[in-house]
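[1] Got a predicted structure here, sequence first:
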Amino acid sequence: MIKSFLLLVLISLFGCNNDDHSNNTSPVLIPYPEGLTTHYITVNSVSRKYLVYRPAGMTSVKAVVMVLHGGGGAGVGVSELGTHPLSVFRTLADQEKFLVVYPEGSSDIQGNPGWNDCRSDDVSGSQGDDITFLKQLNAKLMAELNINSSKMYLTGGSNGAL
């Protein structure tokens, strides 16, 4: 199942459409250093955390894959090689040279990060404005990297998949 999903992601990322959809023809410097780095964006007066993984030797942005952690998890947890199934995106990024972004969910009533999945029966879950956070983060990345939405992908597991 995971192999089929990953194959679909790879085909989508690097398959039939090799056109450069950037807004202009000048090269864009990637504003994120190599490796896994932590960043913040303010959304509705709330500072929200996200991590960016840039593979070594990456000189241009082919695509961006956002990976949402599960409830009670963290972006750094799903990025750790060998400890979480979604960490495979770092391995794929190293091979195919794309950015991986790990947004951090907002806190639930126990203080654990999670995603507001809008379930009416989830009274203890996160109540953060995650839709606005993800929209603004997506817009920020598209502007910084000079790419359009056809090069942006989103995946997640458990609460992050909801």
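    Perfect, thanks for sending it.
[2] where does this protein have low pLDDT?
    By pLDDT under 70, the low-scoring segments of the chain are 1-28, 119-125.
[3] which outside residues touch the longest helix along it?
    Scanning the chain for the helix with the most residues, using DSSP state H, yields helix 130-145. The contact list for helix 130-145 (CB atoms under 8 Å, 6 or more residues apart in numbering) reads 28, 30-31, 41, 43-44, 48, 50, 61, 64, 66, 99, 101, 103, 105-106, 115-116, 147-149, 152, 154. Bear in mind the C-beta positions are built from the backbone N, C-alpha and C, glycine included.
[4] I'd like to know how far Gly35 sits from Met142.
    22 Å (CB to CB, to the nearest Å).
[5] ok, the two, which is more surrounded?
    It is Met142, of Gly35 and Met142, that has more neighbours when counted by other CB atoms under 10 Å, with 16 against 10.
[6] For beta bridges, what are the partners of the residue nearest the centre of the chain?
    The centre of the chain sits closest to Met66, judged by CA atoms, centre = their mean, with a distance of 1.7 Å. Met66 has these beta-bridge partners by DSSP bridges: Val101, Leu154.
[7] 34 is where my numbering starts, stick with that
    Shifting the count to begin at 34 puts that one at Met99.
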